Every structure is written in structure tokens, then in C-alpha cells.
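Asker: Take this sequence and fold it.
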Amino acid sequence: MKLFDAPAVLPPPDEHPAHLDRLVDHLTRARTAGPERVLAAFLDAPADPATLGVAGVHHVAAYTGDYLTEDDFDDWLASVESHGAVRDVRTGPSHIAPRRYGTPGHWINLTVDGDEYELFSCRAHGEWTGYAPHRKAALMSHHGLEVTGPQQVGAVLDFLAARPGVELIAHAPADELGHTYGHLLNTRSELVLEIVHAGDRAPAGPR
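Answerer: Here you go, the predicted structure:
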């Protein structure tokens, strides 16, 4: 699967609109990949979505570039919130970045034309600064595949994590958005896959 070509660091505020236009174009194109293609790319082998209870693509996430200071991220968030194509913006701290890569980070959840997407950015700090750009993009980008019930999330995670070269890196029964989800890592390609059940979709509050 093609990853977003993120810059080393987020661009300055006057370049945010163009950066966001590129991101939205990438995300909407990436969403056209169906579950069968997403699973095959992650597993390096074919897999049947129906057998796993996969209902479709829930969201696509992309890495947007590092930030140098929290003020830089706040400027980026403000630009995302004001972008004309974007709705329902929510944000929160990354739980995976500090635990696995030694640096803080943020996720931004949003919708474009009613479809859900996520943006990730980590602070340029510690061991993370030594990672190659492609590795950063692979580790912090993913497709989220939706399954038919919350109990199915754990079952699919366990099944896929038993495959050679696949590691479970996160499992949460409910997050800030009401999702039950888990992330898997292909340790050879460093691609990530999320399995998610959205639960009750509550409208985003104002920010």
C-alpha cells in the first residue's frame, strides 16, 4: 500500500492548506482499497475478509510529519479545524508513540464527505529522530478494518497475531471515540493494520 510522502517536519502555517490538500487527496484515494487488498498487503498473503467478519474499511490513517514544539502542533490542529473539506475534528495523545518509540505524539480524527480519517504526528525527540522517513510513515499510518461486533475485535487480533511476523501492539476495549480496537504490526515490512468496531457513533463536540 502506498504511504503518504510526509515531510520530515510539519510545514509552516502558511503551507498548511496545501499540505492538507495533499493529505486529503491521499486519504480518499487510499480508502478505495477494499478489505481484501488491505489484508493481502499487510499479511503478504491473501485472506478472506468475510471469514474474519470484516465489514469494510472504517478509516484510513496517515503520518503527517514530526512537530518540533507543542505550539507547532497546536498551529497544525488549528489549520486542520479550519480546512474547508474537514468536519468533526477531535484529537488526543498517542498511546503507542511514547510506549514503543520514546516520543510523545497526537492523533487527529476527522471526517471528509462523511468518511472517517486519522492524522498522526510525533514530536521530533529521542530515538524517533533517527528513524528514516519511510519507517515513520509505515509505523504511524494504517488502514482500519471494521468488524461486525466488539467481541470480534479480539478474536481477529488473536488470529492474525498468530501468523509469523505479525505482532499485537495495542488492544483497547474502548477509546476516547467509543471504538474498540487493536493494532497489529508486520515486523518485516513495519506496516500496521487496525481492527476496529466503532460502537455508537457520537457526534464530535466543538473544539
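Asker: Give the bridge partners for the residue nearest to Pro173 when sequence neighbours are not counted, please.
Answerer: Once flanking residues are discounted, Pro173 sits nearest to Thr180: 5.5 Å by C-beta to C-beta, 6 or more residues apart in numbering. In this view, the C-beta of every residue, glycine as well, is placed from N, C-alpha and C. Beta-bridge partners recorded for Thr180 (DSSP bridges): His197.
Asker: what does Gly92 give?
Answerer: Trp107.
Asker: Output whatever helix or strand Pro17 lives in in CSV with nothing but the alpha carbons.
Answerer: In the assignment (DSSP states H and E), Pro17 maps to helix 16-30. Output in CSV follows, covering the C-alpha atoms of helix 16-30 (Å, rounded to 0.1, in the frame of the first residue of the first chain):
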residue,chain,number,x,y,z
HIS,A,16,-0.7,24.0,5.9
PRO,A,17,-3.6,24.4,3.5
ALA,A,18,-1.6,22.9,0.6
HIS,A,19,-0.3,20.1,2.9
LEU,A,20,-3.8,19.3,3.9
ASP,A,21,-5.0,19.2,0.3
ARG,A,22,-2.3,16.6,-0.4
LEU,A,23,-3.3,14.6,2.7
VAL,A,24,-7.0,14.6,1.8
ASP,A,25,-6.2,13.5,-1.7
HIS,A,26,-4.0,10.7,-0.5
LEU,A,27,-6.5,9.5,2.2
THR,A,28,-9.5,9.5,-0.1
ARG,A,29,-7.5,7.5,-2.7
ALA,A,30,-6.2,5.1,-0.1
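Asker: now it, how far from the centre of its chain.
Answerer: 14 Å (C-alpha atoms, centre = their mean, to the nearest Å).
Asker: can you list contacts of the helix or strand just after that helix?
Answerer: Moving toward the C-terminus from helix 16-30, the next helix or strand (DSSP H and E) is helix 35-43. With C-beta atoms under 8 Å, 6 or more residues apart in numbering as the test, helix 35-43 has contacts from 1, 33, 46-49, 52, 54, 56-57, 143, 145, 160, 163, 166, 184, 186, 189, 191, 193.
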